[in-house]
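>>> Would you be able to build a 3D model of this:
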Amino acid sequence: MLVAFSITPLGIGEEVGEAVAEAVRVVRASGLPNRTDPMFTTIEGDWDEVMTVIKQAVDAVAERSPRVGLTLKADLRPGVTDGLTSKVETVNRHLAES
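You can find the predicted model right below:
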C-alpha cells in the first residue's frame with residue numbers, strides 16, 4: 001500500500017519546518033520506501049507497518065506542538081510492490097510516447 005500523508009503542527013506559529021523535519025526523520029528511519037515533496041510524504045509498506053510509522057511521526061510532532069493536523073490518502077492494492085516508483089515510471093513512459 002502507498003500512503004501519502006501530511007502532518008501539520010498547529011499552534012506554534014509559521015515556522016513549522018523543524019517540527020515537520022522530526023516527522024520526516026521518523027519516516028526515513030523506518031527503512032520503508034518513502035519520498036517527501038513540498039506537500040506530502042509518501043510511504044510504502046503493509047498496513048500495520050505504514051500506520052505504525054505514521055503514528056510515530058505524529059507523536060514526534062506532538063512533542064513540539066500542542067495540536068497536530070493529519071491528512072492521509074491511501075492506495076490499497078494487494079500484490080503490488082514498488083508502487084512508489086513504478087507509478088511514476090508509467091506516467092513518464094506515456095509522456096515520452098506523446
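>>> Show me the contact partners of stretch 1-17.
For stretch 1-17, contacts defined as C-beta atoms under 8 Å, 6 or more residues apart in numbering pick out 19-20, 23, 39-47, 50-51, 54, 57-58, 61, 64-77, 83-84, 87. Glycine gets a C-beta too; all of them are placed from N, C-alpha and C.
>>> Now do the buried residues in it.
Buried residues in stretch 1-17, defined by neighbour count with 16 or more other C-beta atoms under 10 Å: 1-5, 7, 9, 16.
>>> Return the members of the contacts of stretch 1-17 classed as buried.
Among those, the ones that count as buried by 16+ other C-beta under 10 Å are 19-20, 23, 40-45, 50-51, 54, 57-58, 61, 64-65, 68, 84.
>>> picking up where we left off before, got TSV for the buried residues of stretch 1-17, with distance to Ser30 and secondary structure too?
Below are the buried residues of stretch 1-17 laid out as TSV (distance: C-beta to C-beta, whole Å; DSSP: H, G, I helix; E, B strand; the rest coil):
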residue	distance to Ser30	secondary structure
Met1	14	coil
Leu2	14	strand
Val3	12	strand
Ala4	15	strand
Phe5	13	strand
Ile7	14	strand
Pro9	20	strand
Val16	21	coil
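>>> Turn these into a markdown table, including pLDDT and distance to Ala96.
Below are the buried residues of stretch 1-17 laid out as a markdown table (pLDDT from 0 to 100; distance: C-beta to C-beta, whole Å):
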| residue | pLDDT | distance to Ala96 |
| --- | --- | --- |
| Met1 | 94 | 28 |
| Leu2 | 96 | 23 |
| Val3 | 97 | 28 |
| Ala4 | 98 | 25 |
| Phe5 | 98 | 30 |
| Ile7 | 97 | 35 |
| Pro9 | 95 | 40 |
| Val16 | 91 | 37 |
